[in-house]
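*Asks:* predicted model follows, preceded by the sequence.
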Amino acid sequence: MSVSSWTDRDTAGIRITRGAVPRLSYVSGLTVYTEQFHEGRLAGKCWSTNAHIDDSREPRAFGVDIPCQAFSLNLDGQALDWGWTFESAEEREHDGKRVARLALSHSTRPVRVNVCTEVDGTAFFSRWLEITNTAGRPAALSSLDVFSGILMSDDELRGGDFETTPFELGRFTGNRWGEEGRFVWQPLFNGIETGLYSAGPYGTSGYNDPYFIIRSRKTSGTFIFYLGWSGPWKATVLCDTTLRRILLARLGPSAPAPMRVLQPGETITTPRVHVGHLQEDFDGCVQAAHDHIRRSVVPQSPHMPRPLHSHNTW
């Protein structure tokens, strides 16, 4: 048994464990996220908010009927959730941050994916994909989830019943003039998927804002998701407390198929998904998100390191 820990909130680290079952652990501030490559897919395994990587904790082995893959990709109408081959994993430093790049190739489709993850020392990390068409002909990208995975499972979900769950979904609901800040919490019901879209009826996040929060009413554990994308997008949240006992989230760009046609040898880079996991109240979560955005999303000006405050008469 070996236990590693980072206790500094501004610390960023990545551990890559190679072997028969490669495992990657990302540490950013106090947030820890562990993924494992096994039986042809990369799957998210466990999260924590105490900056500890405990190798003695064996992640749960998810069955084939549980969509635990860390990303979802469909080419020419074929879902590529399985059949991946682990090629390599590397870590490097870039602009004061740590970046991991996991290279995968598919066993039946001529496509290669680099799963890229950046940690910056805040409670958030960012994830994007580099997709390369290695075929000699064009390939149509039908659908894509940049991030898809299990947030909680097993004992962490005890306490619900056949209807309710201990989780709530926070989202913006206003889609009319002057309603940009209408934020609501709504319960997640057992076994019922909640969809969020850039435009549409119930489930829409207001003003096309690709952002949502999942929090527990039993504990202070909170997940926050952003998608760095100004176009159409979609997200799915599912909580099952009785059968599979999973809390699942997916997020990515959206468009009618084909979303994009990749030419032979072409590589595309997806938008980034920003994910945070915290043990804070709502205000603490918002401030942590602002810290991450200022540090890693908004370009800093050498003449104005902090944004100016202004007053809008309207």
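*Replies:* Alright, I've got the coordinates. Numbering: from 1, shown residues only.
*Asks:* OK, contacts around residue 143?
*Replies:* 72, 73, 74, 252, 254, 257, 259 (CB atoms under 8 Å, 6 or more residues apart in numbering). Placement of C-beta: from N, CA and C, glycine included.
*Asks:* one more pass at 6 Å, please.
*Replies:* Counting by CB atoms under 6 Å, 6 or more residues apart in numbering, residue 143 makes contact with residue 74.
*Asks:* which stretch of helix or strand covers it?
*Replies:* strand 139-145 (DSSP states H and E).
*Asks:* skip ahead from that strand and say which helix or strand is next.
*Replies:* Counting by DSSP H and E, what follows strand 139-145 is strand 147-153.
*Asks:* sheet-wise, list the partners of that following strand with their directions.
*Replies:* strand 246-253 (antiparallel) (DSSP bridges).
*Asks:* mind checking pLDDT for residue 19?
*Replies:* For residue 19, the pLDDT comes out at 78.
*Asks:* if you could redo that for residue 208, that was the one I meant.
*Replies:* 68.
*Asks:* grab the nearest non-local neighbour of residue 88.
*Replies:* residue 103 (4.7 Å; CB to CB, 6 or more residues apart in numbering).
*Asks:* I'd say the one you found and residue 116 touch.
*Replies:* No. Assessed by CB atoms under 6 Å, residue 103 is found out of contact with residue 116, at 10.0 Å.
*Asks:* how far does the strand holding residue 143 sit from the chain's center?
*Replies:* Distance, stretch centre to chain centre, for strand 139-145: 18 Å (CA atoms, centre = their mean, to the nearest Å).
*Asks:* next, the angle strand 246-253 makes with it.
*Replies:* Orientation of strand 139-145 against strand 246-253 (axes from the mean of the first three to the mean of the last three CA atoms, to 10 degrees) gives an angle of 130 degrees.
*Asks:* buried ones in strand 139-145?
*Replies:* 139, 141, 142, 143, 144, 145 (16 or more other CB atoms under 10 Å).
*Asks:* can you tell me the helix or strand for the residue lying closest to residue 289 once chain neighbours are set aside?
*Replies:* Of all residues not flanking residue 289 in the chain, residue 224 sits nearest, at 5.8 Å (CB to CB, 6+ apart). The secondary structure element spanning residue 224 is strand 221-227 (assigned by DSSP H and E).
*Asks:* much appreciated, bye for now.
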